[in-house]
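1. Kindly return the folded structure for what I paste below:
(3 chains)
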Amino acid sequence: MATDRNFFNRVYDIAVQIPEGRVTSYGAIAKYLGAAGSARMVGWAMNASHTLPHVPAHRVVNRKGLLTGKHHFDGTHLMQQLLENEGVKIKDNQVVDFEALFWDPAKEL
DNA sequence: ATTCTGACGTGGG
DNA sequence: CCCCACGCCAGAA
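-> Modelled structure (predicted):
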């Protein structure tokens, strides 16, 4: 894995900085990383985050605010519960007031 | 090395 | 808003 952790590290670095009760999109992170258009890789990195100590992957959703990655968590509703626990309301696998809770690294960071 | 596949995004209709 | 097709790059078989 030479291609690697550097890319993952970058994603984690951003994800970890996501404030509680806030959410962001893969594309936003990807864009901030300079990998705009390759948002998939961000998701891929998140997959690897599964092995890391603590990465708030539940705060990362797709551009529609849909909890696309909830399937990758242990439970089926773990991601939703985590978000709701932070004050983020979920409606039909979708973040309520997504635009209001949206946290753009390129803008906030 | 070749071939999918994938936690996405964008553009066109 | 929805649906469809393409692009994008990294990793696994």
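
2. Could you pull out the strands in chain A for me?
-> Secondary structure of chain A by DSSP state E: the strands cover A:24-25, A:60-61, A:90-91, A:94-95.

3. which of those strands sits most buried?
-> Highest mean neighbour count among those (mean count of other Cβ atoms under 10 Å): strand A:60-61, with a mean of 27. Glycine gets a C-beta too; all of them are placed from N, C-alpha and C.

4. which stretch among the strands of chain A comes nearest A:Asn6?
-> strand A:60-61 (18.9 Å; Cβ to Cβ).

5. The closest one and DNA strand C in contact?
-> No - applying Cβ under 7 Å from any atom of the strand, one finds strand A:60-61 separated from DNA strand C by no less than 12.8 Å.

6. rewinding a little: tabulate the strands of chain A in CSV, adding columns for mean pLDDT and distance to DNA strand B.
-> Shown next, in CSV, are those (pLDDT from 0 to 100; distance: least, Cβ to the nearest atom of the strand, whole Å):
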stretch, mean pLDDT, distance to DNA strand B
strand A:24-25, 96, 4
strand A:60-61, 96, 6
strand A:90-91, 94, 14
strand A:94-95, 95, 12
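
7. How about the contacts made by the residue nearest to A:Val96 when sequence neighbours are not counted?
-> Spatial nearest neighbour of A:Val96, chain neighbours left out: A:Lys89 (4.1 Å); criterion: Cβ to Cβ, 6 or more residues apart in numbering. Going by Cβ atoms under 8 Å, 6 or more residues apart in numbering, A:Lys89 touches A:Val95, A:Val96, A:Asp97.

8. sorry, back to before: let me have the strands of chain A in CSV, adding distance to A:Gly34 as columns.
-> Shown next, in CSV, are the strands of chain A (distance: least, Cβ to Cβ, whole Å):
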stretch, distance to A:Gly34
strand A:24-25, 16
strand A:60-61, 18
strand A:90-91, 31
strand A:94-95, 26
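
9. thinking again about what came up before, and the contacts of A:Lys89, which is closest to A:Val16?
-> A:Val95 (19.2 Å).
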